[in-house]
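Novice: I need the structure of the sequence given here:
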Amino acid sequence: MLSQPLVSIISVNYNELEVTCELLSSIVDNNSYQNIEVIIIDNASKINPKGQILKEFPDTIVINSPDNLGFAGGNNLGIRKAKGDYLLFINNDAVLQKDSIKNLLQTFDENNDIGIVSPMIYYFPKNEDDPLRIQYAGTTHVNSITGRNTTIGHGEIDQNQYTKIEPTAYIHGAAMMISRKVLEISGLMPELFFLYYEELDWSEMIHRSGLKVYFNPNAKVLHKESYSIGPNSILKTHYITRNRMLFMKRNRNTLSYLVFSLYFLGLAVPKQIIKHIFKGEWKHIAAIRKAVAWNFKNSGNEEIKYLKTKFTDVQ
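Specialist: Residues are numbered from 1 along each chain as shown. Coordinates of the predicted model:
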């Protein structure tokens, strides 16, 4: 590895200028690694944030997308503009901690089989006395029947119980670093998902390329979970449901997908609908129905199948 490779920090903003500026402040104040470029992709916010961002952070590269490209599309736009040897994708509602970039780079330096790495991710503390609670310390693989997996350490108070740099099943979309070299092998983020599950699908793409996903607890990020979307968003209900089916379609064989579908449509979906009926959340029920219908409508679409978007295709 170069002694000080250029790192492109990429984040997507959508109607959350204040939160994005807090991220940029953390990069300025907390980051010990200096050879960086910072790229903010604005996903067609109602108010163009470029002027305010450049006023406060003049070295930032701000790119305005005329359309909302979603999480993967916005980040892929950033990739097209980035010059870095390594790219760090970080949510705009996250706060970077000291030495995180240096420690993430070290993961690549010490592991020849690495494709991509995520840091330890904590929930943002509610106050100064609130202990650090873990959001992500790696994950298990998605279960072939349920289409669900487990996030290791989720909700636990950090007591240094996760200290080992090691391979894991999936990265976390709130913060992840990849090298340009790996991008050329694995391809870009899958834009078909728009929101949710895209980082799991990307992890599968990287695994298929013969590389591993890593977790590095020495790099740390604080995350304000669901800040922009909201914890009980109808949009979230739709895309979580839609993309759970889509992920399984793209990453499991026909028999496995059939078994999953029987479980999902016969048990998981009815259970969710009943829950929303008791809460009177009729719009959530409509969102679930539309999500399932979308998968049936597009079941023959070639894009639903695993298709690697090559890095060189978008240069």
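Novice: Report the contact partners of residue 206.
Specialist: 115, 116, 182, 186, 212, 213 (CB atoms under 8 Å, 6 or more residues apart in numbering). No exception for glycine: its C-beta is placed from N, CA and C like everyone else's.
Novice: try 6 Å this time
Specialist: For residue 206, the contacting residues are 115, 116, 186, by CB atoms under 6 Å, 6 or more residues apart in numbering.
Novice: same check, this time on residue 180
Specialist: Neighbours of residue 180 in contact, by CB under 6 Å, 6+ apart: residue 85.
Novice: Now the helix or strand hosting residue 269 - C-alpha only, PDB.
Specialist: Here residue 269 sits within helix 269-279, counting by DSSP states H and E. The C-alpha atoms that make up helix 269-279 are tabulated as PDB, following Å, rounded to 0.1, in the frame of the first residue of the first chain:
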ATOM      1  CA  VAL A 269     -46.000 -11.100   5.500                       C
ATOM      2  CA  PRO A 270     -49.300 -12.100   7.200                       C
ATOM      3  CA  LYS A 271     -47.700 -11.600  10.600                       C
ATOM      4  CA  GLN A 272     -46.600  -8.000   9.500                       C
ATOM      5  CA  ILE A 273     -50.000  -7.200   8.200                       C
ATOM      6  CA  ILE A 274     -51.800  -8.300  11.400                       C
ATOM      7  CA  LYS A 275     -49.400  -6.200  13.400                       C
ATOM      8  CA  HIS A 276     -50.200  -3.100  11.300                       C
ATOM      9  CA  ILE A 277     -53.900  -3.900  11.500                       C
ATOM     10  CA  PHE A 278     -53.800  -3.700  15.300                       C
ATOM     11  CA  LYS A 279     -52.000  -0.400  15.100                       C
END
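Novice: For residue 54, see how far away residue 133 is.
Specialist: 35 Å (CB to CB, to the nearest Å).
Novice: Hmm, residue 45 and residue 15 touching each other?
Specialist: Yes - between residue 15 and residue 45 there is a contact under CB atoms under 6 Å: 4.7 Å.
Novice: For residue 311, report the pLDDT, please.
Specialist: Per-residue confidence (pLDDT) for residue 311: 41.
Novice: same thing with residue 130?
Specialist: Per-residue pLDDT puts residue 130 at 89.
Novice: what does residue 241 give?
Specialist: Per-residue pLDDT puts residue 241 at 96.
Novice: Setting aside sequence neighbours, what's the nearest residue to the residue minimising distance to the centre of the chain?
Specialist: Nearest to the geometric centre of the chain sits residue 173, at 1.7 Å (CA atoms, centre = their mean). Once flanking residues are discounted, residue 173 sits nearest to residue 199: 4.0 Å by CB to CB, 6 or more residues apart in numbering.
Novice: Please identify the buried residues of the helix or strand hosting that neighbour?
Specialist: Using DSSP H and E, residue 199 sits within helix 198-208. Of the residues in helix 198-208, 198, 199, 200, 201, 202, 203, 204, 205, 206, 207 count as buried by neighbour count, 16 or more other CB atoms under 10 Å.
Novice: Closest to residue 4 out of those residues?
Specialist: residue 206 (25.2 Å; CB to CB).
Novice: and the residue in the chain sticking out farthest from the centre, how far is that from residue 147?
Specialist: In the chain, the greatest distance from the average C-alpha position (CA atoms, centre = their mean) is reached by residue 278, at 31.5 Å. From residue 278 over to residue 147 the distance is 23 Å, taken as CB to CB.
Novice: Same question for residue 274.
Specialist: As judged by CB to CB, residue 274 and residue 147 stand 19 Å apart.
Novice: Looking at those two, which is more packed in?
Specialist: Using other CB atoms under 10 Å, the more surrounded residue of residue 274 and residue 147 is residue 147, with 21 against 11.
Novice: Can you tell me the SS state at that one?
Specialist: Taken by DSSP: H, G, I helix; E, B strand; the rest coil, the conformation at residue 147 corresponds to coil.
Novice: Phi and psi next, for it.
Specialist: With angles defined as degrees, to the nearest 10, residue 147 sits at phi 70, psi 20.
Novice: is it true that it touches residue 259?
Specialist: No - counting by CB under 6 Å, residue 147 does not reach residue 259; the two are 10.3 Å apart.
Novice: In the chain, which helix is the longest?
Specialist: helix 234-251 (DSSP state H).
Novice: Show me what it is packed against.
Specialist: If contacts are counted by 3 or more CB pairs under 6 Å, 6 or more residues apart in numbering; DSSP states H and E, helix 234-251 sits against helix 198-208, helix 254-263, helix 282-297.
Novice: what residues go with each domain of the protein?
Specialist: The chain resolves into domains spanning 7-229, 234-304 when parsed by automatic domain parsing.
Novice: ranking those domains by burial, who's on top?
Specialist: domain 7-229 (a mean of 19; mean count of other CB atoms under 10 Å).
Novice: Cheers, nothing more for now.
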